[in-house]
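Participant: mind folding the following:
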Amino acid sequence: HVARQLLSTSVFREQANLTKRIHSFHPISFSPDGRYFVSVSYQVPEQPCRFGSIHYFKREETDYLVWSQNDDGLWQSSVVLRGQTNPFSVISFSPDGSCFVTGAYSSCRIWSQNDGHWQPVALEGHTNYVNAISFSPNGDYFVSAYRWNNYRAWSKNDDGHWKSVMLPVRSNDGEVISFSPDSRYFVAGGTDGNCRVWSQNDGLWQPIVLEGHTGKILAISFSPDGRYFVTGCYDGNCRVWSQNDGQWQPIVLQGYTQCVKAISFSPDGRYFVSASWNDNTCRIWRKNNNVWQSDVLRGHTSRVNAM
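Facilitator: Prediction:
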């Protein structure tokens, strides 16, 4: 239903007015109550810049559109937010929908409504591309990951301002973050092939390193009951991680030859779907007699990036 409305002529006309020459749309994120969603685009000027003999187009300011439905049920962009100047943005809504966080080059901004208008507050601390942002399900904090695999855990202090604690990791880029449903810990994966399960001990965040993948981790998803999580990797494998006597143990699921890009669980947790770049397929995985088995879903004619 939403997809049909987003493909309407009026919506495309609205978005086309935001661009000068070339445009690209990046993340889309719904508010938890489904009343609105935020989309991201950026503008490129008519004339290229020049650096020696190299010509390139410098991306201009990023636009955030807040979409909501009118009385006729059509989606319209009623608000345009302009803030960060780099298009490589990520978005995450707070669980109560009162705010959302955006990340781009060396900065995060948290947006909240004031007298019906969305206002940003800049959050300082990042020094490179922000690759991922995720709120804890209880809304008490969120975690951001940025290039060179440093993470920041953000929470509000007593006066209502957001503060952060840096969680350094001496490896490569942090790419994906997923919280457990009970908010007790989060899992982060990066280009070094390792997962890190972060939890708090006496108020300090500490990681447990899970090894096994041999390439960049591209996707992480928790089961709805929090009993296990699944990772997808550039090496073509999925791994289902569960705890046994307090230790995280993996089950390796094979089927792809390269690059598991996305993973998503069904709401009841009975199965999850994985998507691949290399063979343009999805696989739906379910347990049968305690063994994970998959069916191949075909139909895409190019890379499957998201679900």
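Participant: please compute how far whatever helix or strand Val197 lives in lies from its chain's middle.
Facilitator: Val197 belongs to strand 195-201 when assigned by DSSP states H and E. Distance of strand 195-201 from the chain centroid (C-alpha atoms, centre = their mean, to the nearest Å) equals 19 Å.
Participant: same check on stretch 256-274?
Facilitator: For stretch 256-274, the distance to the chain centre is 15 Å (C-alpha atoms, centre = their mean).
Participant: can you pull the contacts of Ile92?
Facilitator: Actually, residue 92 is Ser rather than Ile. With C-beta atoms under 8 Å, 6 or more residues apart in numbering as the criterion, the residues that contact Ser92 are Ser29, Phe100, Val101, Ile133, Ser134, Phe135, Phe142. All C-beta spots, glycine's among them, are computed from the backbone N, C-alpha and C.
Participant: quick one on the thing from earlier: partner strands of the strand holding Val197, parallel or antiparallel?
Facilitator: Applying DSSP bridges, strand 195-201 is found paired with strand 185-190 (antiparallel), strand 204-210 (antiparallel).
Participant: ranking these by burial, who's on top?
Facilitator: Ranked by average neighbour count under the criterion mean count of other C-beta atoms under 10 Å, the strands paired with strand 195-201 are headed by strand 185-190 at a mean of 24.
Participant: and the contacts of it?
Facilitator: When contacts are defined by C-beta under 8 Å, 6+ apart, strand 185-190 is touched by residues 132, 134, 136, 143, 145, 149, 151, 169, 171-180, 195-199, 213, 216-218, 220, 222, 229, 231.
Participant: of the residues you listed, buried ones?
Facilitator: 132, 134, 136, 143, 145, 149, 151, 169, 173-180, 195-198, 213, 216-218, 220, 222, 229, 231 (16 or more other C-beta atoms under 10 Å).
Participant: need the contacts of Ser92 in JSON lines with pLDDT, can you?
Facilitator: Putting these into JSON lines (pLDDT from 0 to 100) gives the following:
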{"residue": "Ser29", "pLDDT": "86"}
{"residue": "Phe100", "pLDDT": "91"}
{"residue": "Val101", "pLDDT": "91"}
{"residue": "Ile133", "pLDDT": "91"}
{"residue": "Ser134", "pLDDT": "93"}
{"residue": "Phe135", "pLDDT": "95"}
{"residue": "Phe142", "pLDDT": "94"}
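Participant: mind putting the residues you listed into CSV with secondary structure and distance to Gly246?
Facilitator: As requested, the contacts of Ser92 are exported to CSV (DSSP: H, G, I helix; E, B strand; the rest coil; distance: C-beta to C-beta, whole Å):
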residue, secondary structure, distance to Gly246
Ser29, strand, 35
Phe100, strand, 35
Val101, strand, 33
Ile133, strand, 29
Ser134, strand, 24
Phe135, strand, 27
Phe142, strand, 27
